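In: the sequence and its predicted three-dimensional model are supplied below.
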Amino acid sequence: MSMNIDYKSLGLKAGLEIHQQLDTNKLFCNCPSFLRDDAPDKTVKRKLTAVAGETGEIDIAALHERKKSLNFNYEIYNDTTCLVELDEEPPHSINIEALKIGLEVALLLNAKQVSEIQVMRKTVIDGSNTSGFQRTALIARNGFIQTKGGKVEIPAICLEEDSAKIIKQEKDTITYRLDRLGIPLVEIATSPSVNSPEQAKEVAEYLGMVLRSTGKVKRGLGTIRQDVNVSIAKGARVEIKGVQDLKSIPKVIEKEVERQYMLISKNEKLKNEVRKANPDSTTSFLRPMPGAARLYPETDVPPIIITEEFLMKIKLPRLLSDKVSEVSSEYDISESLAKEIIARDINLEEYKKLFPNIMPSITAQILIDIPKEIKSRLNIAPDRITQEDFFMVLKHFDNGDIGKEAVIEILAEIAKGHKIDISKFRKISDEELKKEINKIIKEKPGLSHNAYMGLIMNKFRGKINGRKVMEMLRKI
């Protein structure tokens, strides 16, 4: 296909499902929700089978998994997992803190909370849930966001429990660990109103920003997962699991559109199915698309009535995007730099009080941009630079002991693991600089301004301002 794909003429329909872990205890027990790498205390062996749902039928995706006839090992810890995760004890009441965070997200996305929350069971027998189902609850409906490509509707926002994580996969046995099972997830599902791969990325970025705005979500690899739904005219709806990287979302959609287009061109009939994202952005078959038969009510968890009194306790935070705009405007820095300042929870106003002679925009560059420059331009990892090192450099800069040019030199030396003698970087006076310029001109007459500039900067690197040197050269 051409690189300039006309997605409108192809009838592209795309939607996203975002799953974000919340930073609370688990959803249906009091176990802490953190992952472990140490050896487990016990291993429990199980087999799972598919059962009929509320409709009286067995879900097609569950039947597909049952045919594999797999064995499952579940690794557990005595102090951070319990009988609820093992499905040996009924679930406790839903975690109220997680529910409040879920509703907070829903309100930020212009959604309307449901009046009564009913926890449902979603049949899953791939072993990722010991019970053979995942508990999920619809908490809000009919939300929306505005994007450059138009309005994107959010018909459903759910609160659900995360699955167990795979530790090892063999021919007929999968080993799971139960530390992740039960961690609360907010699931945000958009309608198929996304009309281009780039708009899908924009939607995912915005939803991620809203989730982080709460300050109550987990951060790091694996704490947020994106599934992408894609179809084109005469094609089929495909749900693509495991699109981890935001940057890969457009490419995954492009590749899926190409795949469906090629199959349609060969007059092959496409089926609705679930596929997984491969490292090269192509996809491969996972299982048939599940249907309504997979859902039925959870009888062990009573419904929750959402009252006005309960909603009054939910305090909405300011969106990070608003904070970014404010910081960018107030301190005259780029939005990309302001975004990193907010993400790292750096308070420029506090730095301004500590170092009043340094403009906050310069402080932001020192804290954010200079470590990047040390890595990219000098090929030195900045990992050794500590908060105390930044404070030391900023203090000397604020006192006038060193110039801005010396900051990167000092931090680079720290990054190399060298001890710092600040006297080697102290600024020279204008009078000393003038004498040195005259001396070099006398020793090497007839050179160009740039040649003299290079000699002087090389001799006094980090101790002088290049603009000042050029001004003096012109005068002399």
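Out: Now that the structure is in, tell me what you want to look at.
In: now the end-to-end length of stretch 82-89.
Out: In stretch 82-89, first residue to last residue: 9 Å (Cα to Cα, to the nearest Å).
In: and residue 413, how many neighbours?
Out: 17 (other Cβ atoms under 10 Å). (Each C-beta comes from the backbone N, C-alpha and C, glycine too.)
In: what residues are up against it?
Out: By Cβ atoms under 8 Å, 6 or more residues apart in numbering, residue 413 lies in contact with residue 420.
In: output the below-cut-off pLDDT ranges for the stretch 51-200 of the chain.
Out: By pLDDT under 70, the stretch 51-200 of the chain has no low-scoring segment.
In: surely residue 263 meets residue 271?
Out: No - at 10.4 Å, residue 263 does not count as touching residue 271 under the criterion of Cβ atoms under 8 Å.
In: the two: which is more packed in?
Out: residue 263 (15 against 10).
In: and that one, what element?
Out: Using DSSP states H and E, residue 263 maps to helix 249-265.
In: distance of the closest residue to residue 281 other than its chain neighbours from residue 261?
Out: Using Cβ to Cβ, 6 or more residues apart in numbering and skipping the chain neighbours, the partner closest in space to residue 281 is residue 251 (4.1 Å). Residue 251 sits 15 Å away from residue 261, going by Cβ to Cβ, to the nearest Å.
In: one more: residue 118?
Out: The gap separating residue 118 from residue 261 is 41 Å, by Cβ to Cβ.
In: who has more neighbours, these two?
Out: Set residue 118 next to residue 261 and count neighbours by other Cβ under 10 Å: residue 261 wins out with 16 against 13.
In: surely that one is in contact with residue 233?
Out: No - counting by Cβ under 8 Å, residue 261 sits too far from residue 233 to count as a contact (9.8 Å).
In: would you map the strands across the stretch 251-400 of the chain?
Out: Taking DSSP state E, counting those that start in this stretch as the criterion, the stretch 251-400 of the chain carries its strands at 273-277, 283-288, 295-297, 304-305.
In: which one of the ones you listed lies nearest to residue 434?
Out: Counting by Cβ to Cβ, residue 434 lies closest to strand 273-277 out of those; the figure is 63.3 Å.
In: in the closest one, what's buried?
Out: Residues 273-277 are the ones in strand 273-277 that count as buried (16 or more other Cβ atoms under 10 Å).
In: low-confidence stretches in the stretch 351-476 of the chain?
Out: 427-430, 432, 457-466, 468.
In: what segments of it are helices?
Out: Under the criterion DSSP state H, counting those that start in this stretch, the stretch 351-476 of the chain contains helices at 360-364, 370-376, 387-399, 404-415, 430-443, 449-459, 466-475.
In: can you put those in a markdown table and add distance to residue 36?
Out: Putting the helices of the stretch 351-476 of the chain into a markdown table (distance: least, Cβ to Cβ, whole Å) gives the following:
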| stretch | distance to residue 36 |
| --- | --- |
| helix 360-364 | 37 |
| helix 370-376 | 31 |
| helix 387-399 | 28 |
| helix 404-415 | 32 |
| helix 430-443 | 59 |
| helix 449-459 | 53 |
| helix 466-475 | 53 |
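In: out of those, which is closest to residue 351?
Out: Closest to residue 351 of the helices of the stretch 351-476 of the chain, according to Cβ to Cβ: helix 360-364, at 4.8 Å.
In: quick one: contacts of that closest one?
Out: 331-333, 337-338, 341, 346, 348-349, 351-352, 355, 394, 404.
In: if we go to 7 Å?
Out: 331-333, 337, 341, 348, 351-352, 355, 394, 404 (Cβ atoms under 7 Å, 6 or more residues apart in numbering).
In: so what's the closest residue to residue 298 other than its chain neighbours up against?
Out: Spatial nearest neighbour of residue 298, excluding adjacent residues (Cβ to Cβ, 6+ apart): residue 119 at 4.0 Å. By Cβ under 7 Å, 6+ apart, the residues touching residue 119 are 94, 135, 137, 298, 301.
In: am I right that the first one is in a helix?
Out: No - assessed by DSSP: H, G, I helix; E, B strand; the rest coil, residue 94 does not belong to a helix; its assignment is coil.
In: with residue 353 as the reference, measure out to the closest residue to residue 358 other than its chain neighbours.
Out: Nearest in space to residue 358, with sequence neighbours left out and distances taken as Cβ to Cβ, 6+ apart, is residue 398 at 5.3 Å. When distance is defined by Cβ to Cβ, residue 398 is 11 Å away from residue 353.
In: neighbour count: those two, which is higher?
Out: Taking neighbours as other Cβ under 10 Å, residue 398 and residue 353 compare with residue 398 leading, 16 against 9.
In: what about residue 384, distance to residue 159?
Out: For residue 384, the distance to residue 159 equals 42 Å [Cβ to Cβ].
In: same check, this time on residue 47
Out: Taking Cβ to Cβ, one finds residue 47 at 29 Å from residue 159.
In: which one's more surrounded, the two?
Out: More neighbours surround residue 159 than the other of residue 47 and residue 159, with 27 against 10 (other Cβ under 10 Å).
In: in the sheet, who's paired with the more buried one?
Out: Note on residue 159: beta-bridge partners residue 137, residue 186, judged by DSSP bridges.
In: got the contact list for the closest residue in space to residue 95 that isn't next to it in sequence?
Out: Residue nearest to residue 95 in three dimensions, not counting chain neighbours: residue 27, with 5.1 Å by Cβ to Cβ, 6+ apart. Counting by Cβ under 7 Å, 6+ apart, residue 27 touches 94-95, 98, 161, 182, 184.
In: using CSV, please lay out the residues you listed together with distance to residue 10 and neighbour count.
Out: Shown next, in CSV, are the contacts of residue 27 (distance: Cβ to Cβ, whole Å; neighbours: other Cβ atoms under 10 Å):
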residue, distance to residue 10, neighbour count
94, 42, 24
95, 43, 23
98, 40, 24
161, 37, 28
182, 41, 27
184, 38, 27
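In: of those residues, which is the nearest to residue 284?
Out: Nearest member of those to residue 284, counting by Cβ to Cβ, is residue 161, at 26.7 Å.
In: contacts only, for that closest one.
Out: Applying Cβ under 7 Å, 6+ apart to residue 161 gives the contacts 27-28, 134-135, 182, 184-185.
In: which stretches in the stretch 51-200 of the chain count as helices?
Out: Using DSSP H, counting those that start in this stretch, helices in the stretch 51-200 of the chain cover 60-66, 96-108, 197-213.
In: on that earlier part again, in terms of mean pLDDT, which of the strands of the stretch 251-400 of the chain ranks lowest?
Out: When those are compared by mean pLDDT, strand 295-297 comes last with a mean of 88.
In: remind me what it packs against, helices and strands.
Out: When contacts are defined as 3 or more Cβ pairs under 7 Å, 6 or more residues apart in numbering; DSSP states H and E, strand 295-297 sits against strand 119-123.
In: direction included, what does the strand it packs on pair against?
Out: When pairs are called by DSSP bridges, strand 119-123 turns out to pair with strand 133-147 (antiparallel), strand 295-297 (antiparallel).
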